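[1] got a structure for you, letters missing:
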DNA sequence: TATTCAAGCGGAGCAACCCTCCGTTTATCG
DNA sequence: CGATAAACGGAGGGTTGCTCCGCTTGAATA
């Protein structure tokens, strides 16, 4: 069915209480917590190595955990993928917030887009569902979209980006760039150039540009 | 021509002689031709119904043909997908050639991209493998990539598109737009805007633009 | 510390799918 | 009408997804 691509992360809500690094004073048994963490680490390794559709048996094996345990913690592949990426998106958002203070609005947006492209490429095949992923509502994804929205609006307020651009459009760009970069060995080297190019495309006609730089 | 273009046609050789509607005075046995046609019809039906990653056993069953026969005619899912889309891509290329005579180079490229996005959506989930499908080597896929290359080079010659853009990049844009549009109900309406946005990103900085218009 | 039991574990096992291999059938040609 | 090579078909081996259920164990309680 088509749901493979689109359903990524929809299931987010069903996950166990505590996120990977938790601290939500969990009612979770110690061995369960341990296994969950091992699974997340193993999943990250395996997905990195073999792509987002690697065998879940491999993940369980690498975690030295029964396959049943994997499915109890993460009822679907999407749930596992979601939990695995969530942390990363959390740090993406956080780092962007810190960094943006010392950058111009358009430059902050550019770096954000570039980072998004990188994150979309951490697992082979993840880029294709990036849009849905970000809409999943998990903590990290929510933080990332909120940050992107913030940067976009700031750039628009300053007249550095056309007013009719939406965050979805930026996400779509990230998908395209990531897909393009994944095609051949020289891809990664082209990311900054492609990113800069498309950010340029977002700018308004020169005569109408910039309340700040004028 | 440049090596980039070559990558688009790499796999071309492996397919059977005659394309879907053939007329290449085939050395193909009558039963083979018949089965091939039935397979194409069945594949189109099944892919339409269940998406581009439907079971190939189902396709064979619907065609009332052994699974071995399916694989002999179409060694990979992409080959089958490519052959199934072949006619459509053929018309895409043809219409683009006709249309482009009365359009500016950049506008012709924009419409081509938009059309490509539409074609990528005929089967649910086809967009995800659009790049591979276009490389399947069927006549229509070849015609479409050739046409895209032609439009791209024309726009570049006129200084309307940056020289370092490759056809692969354009295909990736189509994939991203199609995937993005497939994500929600309002998607299709956003296709023209997204397409325009990407085309804008392809243009060179304004001061360096256009040998023709000025 | 000993007892208790639900939460958690693990992996056998079934179903679905992909794809190959090879014995059988048959279209075509002389 | 043979002869023969092309084409057929589906059994079968390998992989993966996911469930189910008997066994293990953490930790609450006394």
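    It's in. Since the model is a prediction, treat every value here as computed from it, not as a measurement. Numbering: from 1, shown residues only, chains lettered A, B, ... in the order given.
[2] And the contacts of whichever strand or helix holds residue A:46?
    Element membership of residue A:46, judged by DSSP states H and E, is helix A:30-50. Here helix A:30-50 makes contact (CB atoms under 8 Å, 6 or more residues apart in numbering or on different chains) with A:16, A:18, A:20, A:22, A:26, A:28, A:54-55, A:58-60, A:62-65, A:69-70, A:73-74, A:80-81, A:83-84, A:122-124, A:126. Using the backbone N, CA and C atoms, a C-beta is placed for each residue, glycine as well.
[3] For chain A, which residues score under the pLDDT cut-off?
    Low-confidence segments of chain A (pLDDT under 70): A:1-26, A:206-214.
[4] closest point of it to DNA strand C, which residue?
    Closest approach of chain A to DNA strand C (CB to the nearest atom of the strand) occurs at residue A:68, with a separation of 1.8 Å.
[5] In PyMOL, how would I select just the buried ones from the contacts of helix A:30-50?
    Applying 16 or more other CB atoms under 10 Å in any protein chain shown to the contacts of helix A:30-50, the buried members can be selected in PyMOL as follows:
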select buried, chain A and resi 16+18+20+54+58+59+60+62+63+65+69+70+73+74+80+81+83+84+122+123+126
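[6] quick one: which of the contacts of helix A:30-50 sit in strands?
    Among the contacts of helix A:30-50, no residue falls in strands (DSSP state E).
[7] picking that back up, show me what contacts the residue of chain A closest to DNA strand C?
    No contacts exist for residue A:68 under CB under 8 Å, 6+ apart.
[8] Go ahead and confirm residue A:139 touches residue A:86.
    Yes. Under the criterion of CB atoms under 8 Å, residue A:139 is in contact with residue A:86, at a separation of 6.1 Å.
[9] between these two, who's got more neighbours?
    More crowded of residue A:139 and residue A:86, by other CB atoms under 10 Å in any protein chain shown: residue A:86, with 24 against 15.
[10] any idea of the angle the strand or helix carrying that one forms with helix A:30-50?
    Per DSSP H and E, residue A:86 falls inside helix A:77-100. Using axes from the mean of the first three to the mean of the last three CA atoms, to 10 degrees, the inter-axis angle of helix A:77-100 relative to helix A:30-50 is 80 degrees.
[11] For helix A:77-100, buried residues please.
    A:77-87, A:89-90, A:92-93, A:96, A:100.
[12] what's that helix packed up against?
    Other elements packing on helix A:77-100 under the criterion 3 or more CB pairs under 8 Å, 6 or more residues apart in numbering or on different chains; DSSP states H and E are helix A:30-50, helix A:56-62, helix A:105-120, helix A:130-134, helix A:139-157.
[13] Excluding chain neighbours, give the residue nearest to residue A:199 in space.
    In space, and not counting its chain neighbours, residue A:199 is closest to residue A:110: 4.6 Å by CB to CB, 6 or more residues apart in numbering or on different chains.
[14] Am I right that that neighbour is in contact with residue A:195?
    Yes. Applying CB under 8 Å, one finds residue A:110 in contact with residue A:195, separated by 6.2 Å.
[15] Neighbour count for these two, which is higher?
    Taking other CB under 10 Å, residue A:110 and residue A:195 do not tie; residue A:195 has more neighbours (24 against 21).
[16] Does that one lie in a helix or a strand, and which?
    Residue A:195 belongs to helix A:187-202 when assigned by DSSP H and E.
[17] ok, residues contacting that helix?
    For helix A:187-202, using CB under 8 Å, 6+ apart, the contacting residues are A:106, A:109-110, A:113-114, A:117-118, A:121, A:161-162, A:165, A:170, A:173, A:177, A:180-181, B:162, B:164, B:169, B:197-203, B:205.
[18] quick one on the thing from earlier: possible to save the helices and strands packed on helix A:77-100 as JSON lines with distance to DNA strand C?
    Below are the helices and strands packed on helix A:77-100 laid out as JSON lines (distance: least, CB to the nearest atom of the strand, whole Å):
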{"stretch": "helix A:30-50", "distance to DNA strand C": "3"}
{"stretch": "helix A:56-62", "distance to DNA strand C": "8"}
{"stretch": "helix A:105-120", "distance to DNA strand C": "26"}
{"stretch": "helix A:130-134", "distance to DNA strand C": "23"}
{"stretch": "helix A:139-157", "distance to DNA strand C": "21"}
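[19] just those: most buried one?
    Highest mean neighbour count of the helices and strands packed on helix A:77-100: helix A:130-134, a mean of 25 (counted as mean count of other CB atoms under 10 Å in any protein chain shown).
[20] next one: that one to chain centre, how far?
    In terms of CA atoms, centre = their mean, to the nearest Å, the centre of helix A:130-134 is set 7 Å apart from its chain centre.
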